[in-house]
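>>> I'll drop the sequence and a predicted model, then ask my questions.
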Amino acid sequence: MKPEIPEGTTTRGWLLGLGALAAAKAAGLIALMSAIAAALAQAAAGSAVDVGALLLWGITGAVVRAGATWATRVVAQRAALGVKEELRSQLVRHRVESGSTRREAEVSALASRGLDGLDPYFRDYLPALVSCAVIPLAVGARILFADWVSALILVLTIPLVPVFMILIGLHTAERVGQAQAGLDRLGRHLTELARGLPVLVGLRRADQQRRALAQVSERHRVATMGTLRTAFLSAFALELIATLSVAVVAVFIGVRLVHGSMTLEAGLLALLLAPDAFTPLRDLGSAHHASEDGVAALRRVRDELDAPIQPEHGLHAGDSGDTDATGPVISDLVVERAGRESVGPVSFAAAPGMITALLGPSGCGKSTVLDVLAGTLRATDNSAADPATDSAAATEPVQLRGRVNGVDPRRRAMVAQAPRFAAATARAEVALYAGEDRTRELEALLPEPLWDTPLERLSPGERRRVGVARGVARAHALLRDGHGSLLLLDEPTAHLDPDSAGRVRALIANCAAQGVTVVLATHDVELAALARLRVEWELTSSPVVSTISAGSPAVYPPALPSGAPAQARAVGQESAAAAEPLATPGTARGAWRLLPLRSWRLWAAVGLGALSVLAAAALSGLSGWLIVQASQQPPMLHLMVAIVGVRACGLARAVLRYRERLATHDVVLRWAAGLRVRLWDSLGSDARGWNRLTRPGGALATLIAEVDELRDALPRVLVPIPAAILAAIASAVTIALVAPAALPVAVMVLALGVVAVPLLVLAVERRAARHLADHRADVAERTGRVLAAAPDLSANNLSDAVSRDFARDDARGTADLRRDALGAGAGRAAASLLSGVGAVAAILAGAAATDPRLLALAVLLLLAMDEPLGQLGDALRNVPVLGTMLARVGPWVSDDARRARLPAASASPAEVGAEPGTRPSTQPGRVDGVRVSGLSAGYGEKPIFSDVSGEAVPGRVWAVTGPSGSGKSTLIATILGFLPARQGSVELREAKGGAEAAERWLPAAQAGVAWCPQDGYVFDSTLRGNLALARDREHAPSEQEMETALHRVGLGRWYADLPRGLDTLTGAGGERLSGGQRQRLAVARTLLSGAGVVVLDEPTAHLGQDEGHELVRDVTRGAGPTALVLVTHDAAVAATADRLTVLPGRH
């Protein structure tokens, strides 16, 4: 593999440092092995061992070798941290400056999880690469001075390793590339399923899609195993060449010793150093697979950074660049997109100190015009898109014509239709946009405690208010600089209750009164009435025409008085309380039971690993015995068994190692696929998991990143630990049989290596592992948030600020990891020191009382323990990481966690909440009504709402309304059966004879209740693909049913103009649709489900008042035998229902 050296200011420094450490390691190695060879030769000759020389050179060499091993790990790990930090900062800055969300999930994973692949690249591959340039030369030179024939054998065999490596790489490069592309596609599929889980839950399709997830995971496993077989083949070839070469060297030395053509000391020295000439090459082969992810990530980062950033379209600040004097002037703006109707031509001029409103039906182009003004919609060309890597979500070609003058991006504030946040809390978000200065009017938008509540725990209405607050705060901050400001708002009052909407209108009016240029798109009639200039669209045949009307002078409502108190409602009564469940007593311990410890495949892999280690030790020990025996010049026939044994051990080591790696990864990949499905089941059946999945980066962190972290940690822990222990026991038994005098030394060395060193590593690494896990989780979350918010940040000209803050926070988190790197090589260094010192001590203890042949065998066995004990140390470094990740996942999927979440420990999910003595029907009839009586529910200790009653049956609509945070979503979760009621009942009426079911909890009947979330996710597919999700394949809706559903929700005219009809691409998250079109499509999909009860959560969001009323009217009129529950902030829509329930805010 051609090495990929990251560019950076410190690259040359750490490469030189690694080279110097490799030279030091070679010097220590030569000193240690020279001392051991001389001492064994002296013992074989029957003379006294030179204790002084042995201790001086042997101990010094062992210490220098161990120190260099430790320092190499420290330097490599710190280099990895520095390069990752630099690349991540560059990638985030580039993406934010582009304002693009194209492949956002993929790039977010690249910037966080993907760059973590550089850890093994720096930790293992690059040090091995540098060592390959230093250690073989140094060792070969020392062997050359001792025995030129052995040096010649090394010169002839060592080049075979890179030759075979290159040949295998050329043979498998295309296959690996194809497999990697397939893995990327499967990864995107997994991410898409995770993000759409709330929709699938609402459609009662989560169980069916569970099978799809299982199938995708299985294909992922098969594809990964195919890639691993190819990758491990290279390591196998290197291992085989290296071990057989050492065996050949041992045989040649033995034959020459029999014939008396070389001395025993020279032979022993050549034998002891020969394996270390191949060790860097073997390490290079072993690290090849682990480094591939890092290399791929590095190349993808470079590709991302090389991608050009499209400029904003025709933005000119005017002759003076002073936006005080003029606002935006749009002249004949036309936006054309493939497969969609064009927008424009549009012309209007907005003036400072006034509100300009863009009005018209959903999908007419209001948001498009705002996106052009905000700079988030730019001309694009997909002609160069790579079909192998770009999905259907690739940005569609966009053509822009006309001019936009009077917009200075530095003086612009933007509030998007669906605000995306880069900070964790509302306070931090507003501070990012406008500093710490917040007016009382802004503070009144949210209760004080909510300013410091994680944003993902807020309701959509509360998040909307935060978006407005940050935009208004930024507009005020820009205005205070004395150069004017432009405030763009897209549906600022959507998802808001009447009180909050009134406050937002007052804030916007106040901004205009102070001189801010305000341009907004809205369906809010009261907000539109404040506009002095209105740009109104009317849907005609073609094209879309805009007309301008001068509004009557608006009377701006006064701003909130400075002393207006904020509501005293508790923090996040609904969504904050819906936080992720904490691990209950026993769940952390129970999480360890998730490991596949009962799998026979796992223990077969452990056996293969132990045999591989023993084969390596046997190769070393038999070679030592062979050399000393040959020095006594016996008949060659006496040596043939040992010669065959040496060759067999060399072959067995490579084969067993290859089989063990395949077996281990197969076990782990099977387990990870099963864990992902169990996690899907748990999160899909517990309302407390929805926030975790729907927040930016949450899907990746939950179903992909955390499972992948466990998947990667397990092979480093499950096999090396028992394999090293078994090998140590076998070595101790062998030494006890062949060299009893050296047994105390061997027992002490092996006991220290198996007990003391692990305790040392665990003590050093426990805090480091916690820091690493926290840092990775924090990076994944921050990266996901920032990249998801890239359009908002770019529109508000915050690229520099957010990139600077991101780099600062990343550096702060990396500082702890840099300190922790001091303990990174402790396990390897301790193993190296123990094996070297132990070999010296064994010679001193057994030289006088042990046959020299058996003493050589015992000494070389102890030297061979360096590798398994070092692997044991590395494995134990991952134990705290494994424990941390299990603690994150375990509370969701362990049996203890499941029982802890249920009211009765012995109850099954189907029995939770059932009346005593009753069991739910397993085959219920069709549900056609829901009745709630005296209901009380909540997530924490206190209920969110109490004594709620209502009913919906065919022909009678039940509406639920109330302020943000009053418990509407909690009521939905209770009706759906995911949250047990505290008091009261939820009764579902069966259609058979009109009889009502008496049970409160009927999970089998949940298939008759469907839910359309507030922001129903639109999958990266087509209209047909999204609508087909409403039912399983056996009852898939026909084209006529799909078209009828689209007409029913008001998309008929839009659909009729689509050239590709139902095969029209929607893009990831519905990016090719307007907000209103996405909302209507989600409602149509829910209505197609055939459920007897349909819960519509904010169905009129992003729609005009008339459109919203029309949608509800059409849905209600065509409901037939379906009972409708409307959850809405729109008082006018709620008033049309047959029954109304108002949830009060808590005080």
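Looks like it arrived, so ask away. Numbering: from 1, shown residues only.
>>> who does the longest strand along the chain touch, helix- and strand-wise?
Secondary structure assigned by DSSP state E gives strand 927-937 as the longest strand of the chain. Applying 3 or more Cβ pairs under 8 Å, 6 or more residues apart in numbering; DSSP states H and E, one finds that strand 927-937 contacts strand 945-952, helix 968-976, strand 983-990, strand 1093-1097, strand 1123-1127. Every residue, glycine included, has its C-beta placed from N, CA and C.
>>> can you redo those as TSV with mean neighbour count?
TSV is the format used below for those (neighbours: other Cβ atoms under 10 Å):
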stretch	mean neighbour count
strand 945-952	19
helix 968-976	25
strand 983-990	20
strand 1093-1097	25
strand 1123-1127	26
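>>> Ser217: which of those is closest?
For Ser217, the closest of those is helix 968-976, at 26.1 Å, according to Cβ to Cβ.
>>> pLDDT on the closest one, on average?
Averaged across helix 968-976, the pLDDT comes to 79.
>>> Likewise for stretch 357-368?
Taken as a whole, stretch 357-368 has an average pLDDT of 78.
>>> Pull the distance from that stretch to the chain's centre.
Its chain's average C-alpha position is 36 Å from that of stretch 357-368, according to Cα atoms, centre = their mean, to the nearest Å.
>>> what does whatever helix or strand Ile735 lives in contact?
Using DSSP states H and E, Ile735 sits in helix 720-738. Under the criterion Cβ atoms under 8 Å, 6 or more residues apart in numbering, residues 606, 609-610, 612-614, 617, 621, 742-743, 746-747, 750, 753-754, 854, 857-858, 861-862, 864-865, 868-869, 871-872, 874-876 lie in contact with helix 720-738.
>>> Could you list the buried residues of that helix?
720-728, 730-732, 734-735, 738 (16 or more other Cβ atoms under 10 Å).
>>> Likewise for stretch 249-268?
Buried, per 16+ other Cβ under 10 Å, within stretch 249-268: 249-258, 262-268.
>>> next one: phi and psi at Pro596?
Backbone torsions for Pro596, taken as degrees, to the nearest 10, come to phi -80, psi 50.
>>> from memory it sits against Trp671, does it?
Yes. The criterion here is Cβ atoms under 8 Å, and Pro596 meets it with Trp671 at 4.4 Å.
>>> rewinding a little: and the longest strand of the chain, how far out from the chain's middle?
39 Å.
>>> That strand pairs with which strands?
Using DSSP bridges, the strands paired with strand 927-937 in its sheet are strand 945-952 (antiparallel), strand 983-990 (antiparallel).
>>> Rebuild the helices and strands packed on strand 927-937 as TSV, extending it with distance to Leu118.
Below are the helices and strands packed on strand 927-937 laid out as TSV (distance: least, Cβ to Cβ, whole Å):
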stretch	distance to Leu118
strand 945-952	50
helix 968-976	41
strand 983-990	52
strand 1093-1097	43
strand 1123-1127	47
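>>> Could you point out which of these sits nearest Leu1140?
Across the helices and strands packed on strand 927-937, closest to Leu1140 is strand 945-952 (Cβ to Cβ), at 8.4 Å.
>>> low pLDDT regions in the stretch 551-700 of the chain?
Within the stretch 551-700 of the chain, the ranges that satisfy pLDDT under 70 run 551-591, 636-642, 683-700.
>>> Would you map the helices across it?
587-591, 600-631, 636-684, 690-694, 698-699 (DSSP state H, counting those that start in this stretch).
>>> So for Phe1019, which of those helices sits nearest?
Of all these, it is helix 698-699 that lies closest to Phe1019, at 12.8 Å by Cβ to Cβ.
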